[in-house]
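>>> make a model of this:
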Amino acid sequence: MNRLSAQPLGVRYFCASPEGDLEVGESLLSRPFLIAPNSLHPSLSLGDYFQGLYRFLTVENRALLEGLLDRLRPDDRPSLDSATLTIKTEKHGALYHVAVGELDWGDDLVRFGMNVAVGSEAAEWLDREFAVIAELSEIHDTGYLPELFFKGETRMRDCEVRVTVLEWFEGYHEWHLSPDGDSGGAKVFLWDYRNGFRCLSREEEDILYRRACYVLTSYLDPEGWRQIFPWSHAAGDFVVKAEDGSVQVRLITARDYRACLPLDNCAKSGPFLFLVYFVLDLTLRMRLDRCDGVGEFVWKGDFPMSEALRGVSEALDIQGSPGRGGELMALIVSFGPEELMGLVESAMGIYGHYAAEESEIIKRRLRTHAEELSDAAKGLLGR
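From the prediction side, this is the model:
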């Protein structure tokens, strides 16, 4: 049989939920499609979305799906015709939607992610992210971003839809801060839909923040002063696998890769000005999230600053020459408290992308943040 013959695949549709995956039957397919967490699409139904993705994969891009199997199962490749396809909605975001495809042969599974943009504006965002991840994958062999498989266009009723197919980080979950009534602070909750939501331990939190800082630092471009920016915990950019005492962190997207500081300033002052501002902005954003991902902004009061700086230092030592992280810590310590506060405020103005509520939260805690930053840098230097 011709591999590209249009043999229809059996298909099942699901929606992810905290109570477990919910199978979508015929009665639910007529429901309106969500274009944002609390907003309905004016014309698309859930059935239009699911059936559009089925058509995109098995009819319009069947050859690319076959090629994906060749890529993921090069030695013992099963036949696509004998698979059952499962499509599951994972998340409805502000810009695009996240789904998972699963090809099941009974004794073998292949999973892949899909980012789905409905409308031309969202499609432009998705195209940009695809290009940025492709560029970063070529110049940074770190594996912290998903592997890209293919992308394409389709239509769902009268809507232009762009779909990117990419690696799915199996076992990794979104996480968010949630206020802790007992301490007045905030705790990290792992959104594990399969085994249940749970609060990370203090030790797991330390590793999570250290690894997240390590990941972003490992993608720095010390010559062109470029970095992954913007990024956000509230958008769920980082995912984590925390099991059996191990904590692993991945970054699911990169919206842009650019220089955030004026290049003339960096050229005159050398790489350490760039690195100081990078750390100042990084440690601020690491402490911010929205409550449960969608509510009011939350500040991580008991933030493990020492672990965050340790992640930065470790990445710099590996990326550049050994001792570079220590040099950066020494430079941070050299600034007095008032000077460091001024630099933090300057970093906020240079980087931007802070909501008004975030800026107010930071201003109320600016001195404490600067002091914690200085103390943590001193601690890493053994002072």
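
>>> rest of the way, CA atoms for contacts and neighbours
OK.

>>> quick one: name whatever helix or strand follows the helix or strand of the chain with the lowest mean pLDDT.
Within the chain, confidence by mean pLDDT, DSSP states H and E is lowest for helix 263-269 among all helices and strands, at a mean of 63. Following the chain from helix 263-269 toward its C-terminal end, the next helix or strand by DSSP states H and E is helix 271-286.

>>> need the residues that contact that next one.
Residues from elsewhere that reach helix 271-286, judged by C-alpha atoms under 8 Å, 6 or more residues apart in numbering: 209, 213, 222-223, 225, 232-233, 261, 266, 305, 308-309, 312, 328, 332, 343-344, 347-348, 351, 362.

>>> quick one, which of those are buried?
When the contacts of helix 271-286 are checked for burial by 16 or more other C-alpha atoms under 10 Å, the buried set is 209, 213, 222, 225, 233, 261, 266, 305, 308-309, 312, 328, 332, 343-344, 347-348, 351, 362.

>>> and the closest residue to residue 379 other than its chain neighbours, what does it touch?
Excluding its sequence neighbours, the residue lying closest to residue 379 (C-alpha to C-alpha, 6 or more residues apart in numbering) is residue 306, at 7.4 Å. The contact partners of residue 306, by C-alpha under 8 Å, 6+ apart, come to 373, 376-377, 379-380.

>>> correct me, but residue 160 touches residue 153?
Yes. Applying C-alpha atoms under 8 Å as the test, residue 160 and residue 153 come out as touching, 7.4 Å apart.

>>> if we can go back for a sec, helices - which of the buried ones among the contacts of helix 271-286 land there?
If you go by DSSP state H, the buried ones among the contacts of helix 271-286 have 209, 213, 266, 305, 308-309, 312, 328, 332, 343-344, 347-348, 351, 362 in helices.

>>> okay, now the unreliable bits of the stretch 201-350 of the chain?
Along the stretch 201-350 of the chain, segments meeting pLDDT under 70 span 263, 265-270.

>>> could you check how far the spatially most central residue of the chain is from residue 47?
With distances taken as C-alpha atoms, centre = their mean, the residue of the chain nearest its centroid is residue 237 (2.1 Å). Relative to residue 47, residue 237 is positioned 28 Å away (C-alpha to C-alpha, to the nearest Å).

>>> wait, residue 162 touches residue 125, no?
No. In this structure residue 162 lies outside contact range of residue 125 using C-alpha under 8 Å: 10.1 Å.

>>> who has more neighbours, the two?
Higher neighbour count among residue 162 and residue 125: residue 162, with 23 against 15, using other C-alpha atoms under 10 Å.

>>> the more buried one: what secondary structure?
Judged by DSSP: H, G, I helix; E, B strand; the rest coil, the three-state class of residue 162 is strand.

>>> dig out what it forms beta bridges with.
Legend: beta-bridge partners of residue 162 under DSSP bridges are residue 117, residue 153.

>>> now the closest residue to residue 175 other than its chain neighbours: phi and psi?
In space, residue 175 comes closest to residue 190 once its chain neighbours are excluded; the distance is 4.5 Å by C-alpha to C-alpha, 6+ apart. Backbone torsions of residue 190, given as degrees, to the nearest 10, read phi -90, psi 130.

>>> gap between residue 190 and residue 236?
According to C-alpha to C-alpha, residue 190 stands 11 Å off from residue 236.

>>> more neighbours: the two, which one.
Ranked by neighbour count (other C-alpha under 10 Å), residue 190 and residue 236 place residue 190 first, with 21 against 18.

>>> what packs against whatever helix or strand residue 176 lives in?
In the assignment (DSSP H and E), residue 176 maps to strand 175-179. Using 3 or more C-alpha pairs under 8 Å, 6 or more residues apart in numbering; DSSP states H and E as the contact criterion, the secondary-structure elements in contact with strand 175-179 are strand 186-190, strand 238-243, strand 288-290, strand 297-299.

>>> now the lengthiest helix in the chain: buried residues?
Of all the segments of type helix in the chain, defined by DSSP H, the longest one is helix 120-139. Under the neighbour-count criterion of 16+ other C-alpha under 10 Å, helix 120-139 has 122-123, 126-127, 129-130, 132-134, 136-137 buried.

>>> just stretch 39-52 next, same as before
Applying 16+ other C-alpha under 10 Å to stretch 39-52 flags 44-52 as buried.

>>> dump those residues into JSON lines; add distance to residue 80 and pLDDT as well.
Written out in JSON lines, the entries for the buried residues of stretch 39-52 read as follows (distance: C-alpha to C-alpha, whole Å; pLDDT from 0 to 100):
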{"residue": "44", "distance to residue 80": "29", "pLDDT": "92"}
{"residue": "45", "distance to residue 80": "28", "pLDDT": "94"}
{"residue": "46", "distance to residue 80": "25", "pLDDT": "94"}
{"residue": "47", "distance to residue 80": "23", "pLDDT": "95"}
{"residue": "48", "distance to residue 80": "23", "pLDDT": "96"}
{"residue": "49", "distance to residue 80": "22", "pLDDT": "96"}
{"residue": "50", "distance to residue 80": "19", "pLDDT": "97"}
{"residue": "51", "distance to residue 80": "18", "pLDDT": "96"}
{"residue": "52", "distance to residue 80": "19", "pLDDT": "97"}
